[in-house]
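A.B. asks: sequence and predicted model, in that order:
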Amino acid sequence: MVQPMTTVAPSLPEIVSRALGDFIDAAKAAFGERLSSVVLFGSAAEGRLRATSDVNLIVVLKEFFQADVEKLAPALNIARAAIRLEPMFLLVSEIAPAAECFAQKFADIARRRHVLHGPDPFANVAIPRAAEIFRLKQVLLNLILRLRESFAVRAGSEDQVALLLADTAGPLRACAATLLQLETGNIHTPKEALDLVVQSSGKPEWQRALGNVSEVREQRAVAGQKLTPALFAILEIAGHLRDRAESLS
């Protein structure tokens, strides 16, 4: 059974805390008794939001009605503009099937979540190991293919390569955390997991690539930097993770 990683309120910027509170109040008013839970997940649940981070939220409902959503829409649009809120609307009856169909995503949610309203909807959810392995391999292969395609249309533009690196960090880290949990049973934050994988490789170019990723995610100056080698190192890391995932049973 999964357990919440975050048991106390994460440290969030004041604007994020205020916007989340306003949105949850609006959700309570819009959905009433049909609102079951509101769950924060991802980097916000760890208190590790960056300037480029989305604020990921799951709104768990008993029913999804048009009138309720239309009532919520103004508050949602404000929150999206203010803090880049990205909500998922999930029915209570869909929790178990969603965890099986999207095992990689829900494994990450299981590791990094904080309940903001209502009961913890994931406290007793078991993600099938076979589904988690299958989805991990699928996500990694898709990530590799998308990176190749994206680089092919952006080759020569280091600014665009920087954006690719920033976008890749989240899913690659989540995959590393899932892999290590499947291999050892130990739970690590996504960043810690990817750092461990890279450190164990003994490849300094992989370590430099992770440093480049952190730089672009923190919006530090990258002018004049040649980031294409870092992107190809990230491709190698993703391939390494996939090879290890293929050996899981």
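C.D. replies: Arrived safely, thanks for sending.

A.B. asks: going forward, measure contacts between C-alpha atoms and count neighbours the same way
C.D. replies: OK.

A.B. asks: walk me through the domains of this structure.
C.D. replies: Here the domain assignment for the chain is 14-117, 129-246, based on automatic domain parsing.

A.B. asks: same list (these) but as a markdown table, adding mean pLDDT and distance to residue 123.
C.D. replies: Below are the domains of the chain laid out as a markdown table (pLDDT from 0 to 100; distance: least, C-alpha to C-alpha, whole Å):
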| stretch | mean pLDDT | distance to residue 123 |
| --- | --- | --- |
| domain 14-117 | 94 | 8 |
| domain 129-246 | 91 | 16 |
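
A.B. asks: spatially, what comes nearest to residue 207 if we skip its sequence neighbours?
C.D. replies: Spatial nearest neighbour of residue 207, chain neighbours left out: residue 198 (6.3 Å); criterion: C-alpha to C-alpha, 6 or more residues apart in numbering.

A.B. asks: show the contacting residues for the one you found.
C.D. replies: By C-alpha atoms under 8 Å, 6 or more residues apart in numbering, residue 198 lies in contact with 206-207, 237.

A.B. asks: would you map the strands across the protein?
C.D. replies: Here the chain has its strands, by DSSP state E, at 35-41, 55-61, 85-91, 113-117.

A.B. asks: could you export those strands as JSON lines, including mean neighbour count and distance to residue 149?
C.D. replies: Output for those, formatted as JSON lines (neighbours: other C-alpha atoms under 10 Å; distance: least, C-alpha to C-alpha, whole Å):
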{"stretch": "strand 35-41", "mean neighbour count": "23", "distance to residue 149": "29"}
{"stretch": "strand 55-61", "mean neighbour count": "21", "distance to residue 149": "27"}
{"stretch": "strand 85-91", "mean neighbour count": "16", "distance to residue 149": "26"}
{"stretch": "strand 113-117", "mean neighbour count": "21", "distance to residue 149": "32"}
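
A.B. asks: export these as TSV, with columns for distance to residue 105.
C.D. replies: Formatted as TSV, those follow (distance: least, C-alpha to C-alpha, whole Å):
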stretch	distance to residue 105
strand 35-41	11
strand 55-61	12
strand 85-91	12
strand 113-117	12
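
A.B. asks: list phi and psi for the residue nearest the centre of the chain.
C.D. replies: When C-alpha atoms, centre = their mean is applied to the chain, the residue found nearest the centroid is residue 42 (4.8 Å). Per-residue torsions, residue 42: phi 80, psi -150 (degrees, to the nearest 10).

A.B. asks: nearest residue to it other than its sequence neighbours?
C.D. replies: residue 112 (5.5 Å).

A.B. asks: so the one you found makes contact with residue 39?
C.D. replies: No: shown here, residue 112 and residue 39 do not form a contact pair, counting by C-alpha atoms under 8 Å, at 10.1 Å.

A.B. asks: ok now stretch 229-237, how far from the chain's centre?
C.D. replies: Mean C-alpha position of stretch 229-237 versus that of the full chain (C-alpha atoms, centre = their mean, to the nearest Å) differs by 20 Å.
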